[in-house]
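Undergrad: Structure for this input, please:
(2 chains)
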Amino acid sequence: DVKVTQSSRYLVKRTGEKVFLECVQDMDHENMFWYRQDPGLGLRLIYFSYDVKMKEKGDIPEGYSVSREKKERFSLILESASTNQTSMYLCASSLGEGPGNTIYFGEGSWLTVV
Amino acid sequence: AQKITQTQPGMFVQEKEAVTLDCTYDTSDPSYGLFWYKQPSSGEMIFLIYQGSYDQQNATEGRYSLNFQKARKSANLVISASQLGDSAMYFCAMRVALSGSARQLTFGSGTQLTVLP
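TA: Modelled structure (predicted):
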């Protein structure tokens, strides 16, 4: 079974703090993703990585950065957390980019910025 | 542009009965994949079933089956013998082959399914 593990399920951070959300997959997948999910807005792609050290901006990259130093690990960084970044964050991975490649998600990280 | 439409914001079903969750899609790409995910209140997004655009037969996975009608551009999820644990939000999603678009899924707005005892 594919396993995508997000290191923190629930976080509470203060405005202005630097926040790291970590994600690890154990299936040697090429692609990794970070989404955020908000009521009424659905899932929105923040960043996508198609290989180690390769990344592309998604739909809402502002205020976020990412790091992929190893194939299995993809980190989302909030350089200076703000209250409008309070959300549920989902990491995901897939073997490749073709339409037949399933995207597998982690358990989600609930971030509250106060 | 790709679009997924789920017209049922909420559905109720009696335990042990079957239920169909509707999904229609729109894409001009002949090569695409359709996916269903389940999201319980705990938040994880669980992959349920996949249907490829060139697949001749409807996909099945345990109690889940996908009623794929290509001409109608619909990909309805059928859950047989509903269980209380099936209560969750269900999302239909699509991934296409167009360059630059295959990198992400297009999601529908979801259907909240409640299974009644």
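Undergrad: Quick check: which ranges of chain B have low pLDDT?
TA: Chain B contains residues with pLDDT under 70 at B:98-103.
Undergrad: Kindly report the residues of it close to chain A.
TA: For chain B, the contact set with chain A under CB under 8 Å from any CB of the partner chain comprises B:29, B:31-33, B:35, B:37, B:42-47, B:50, B:52-53, B:91, B:95-97, B:102-105, B:107, B:109-110. For the C-beta atoms, the positions are set from N, CA and C on the backbone; glycine is no exception.
Undergrad: Of these, grab the buried ones for ChimeraX.
TA: Here is the ChimeraX command that selects the buried residues among these (16 or more other CB atoms under 10 Å in any protein chain shown):
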select /B:31,32,33,35,37,43,44,45,47,50,53,91,95,96,97,102,103,104,105,107,109,110
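Undergrad: Which residues are in contact with the spatially most central residue of chain A?
TA: With distances taken as CA atoms, centre = their mean, A:Trp34 lies nearest the centre of chain A, 2.6 Å away. By CB atoms under 8 Å, 6 or more residues apart in numbering or on different chains, the residues touching A:Trp34 are A:21, A:23, A:45-48, A:58, A:64, A:66, A:74, A:76, A:89-92.
Undergrad: near chain B too, which of the residues you listed?
TA: A:45, A:48, A:58, A:90, A:92.
Undergrad: Just give me how far the helix or strand where the last one lies sits from the chain centre.
TA: Read it as A:Ala92. Using DSSP states H and E, A:Ala92 sits within strand A:87-94. For strand A:87-94, the separation from the chain centroid amounts to 5 Å (computed by CA atoms, centre = their mean, to the nearest Å).
Undergrad: what about dumping the CA coordinates of stretch B:43-62 to PDB?
TA: What follows is stretch B:43-62 as a C-alpha-only set of coordinates in PDB (Å, rounded to 0.1, in the frame of the first residue of the first chain):
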ATOM      1  CA  GLY B  43      -9.500  14.800   7.000                       C
ATOM      2  CA  GLU B  44      -7.500  12.200   5.200                       C
ATOM      3  CA  MET B  45      -8.300  11.900   1.500                       C
ATOM      4  CA  ILE B  46      -8.600   8.200   0.700                       C
ATOM      5  CA  PHE B  47      -8.400   6.900  -2.900                       C
ATOM      6  CA  LEU B  48     -11.300   4.600  -3.800                       C
ATOM      7  CA  ILE B  49     -11.400   3.800  -7.500                       C
ATOM      8  CA  TYR B  50     -10.000   4.700 -10.900                       C
ATOM      9  CA  GLN B  51     -11.500   4.600 -14.400                       C
ATOM     10  CA  GLY B  52      -9.400   5.400 -17.500                       C
ATOM     11  CA  SER B  53     -11.000   7.000 -20.500                       C
ATOM     12  CA  TYR B  54     -10.000   4.100 -22.800                       C
ATOM     13  CA  ASP B  55     -11.200   1.400 -20.300                       C
ATOM     14  CA  GLN B  56     -13.900  -0.800 -21.900                       C
ATOM     15  CA  GLN B  57     -15.300  -2.100 -18.600                       C
ATOM     16  CA  ASN B  58     -16.500  -0.300 -15.600                       C
ATOM     17  CA  ALA B  59     -14.100  -0.300 -12.700                       C
ATOM     18  CA  THR B  60     -14.900  -2.200  -9.500                       C
ATOM     19  CA  GLU B  61     -13.200  -2.300  -6.200                       C
ATOM     20  CA  GLY B  62     -14.900  -4.200  -3.500                       C
END
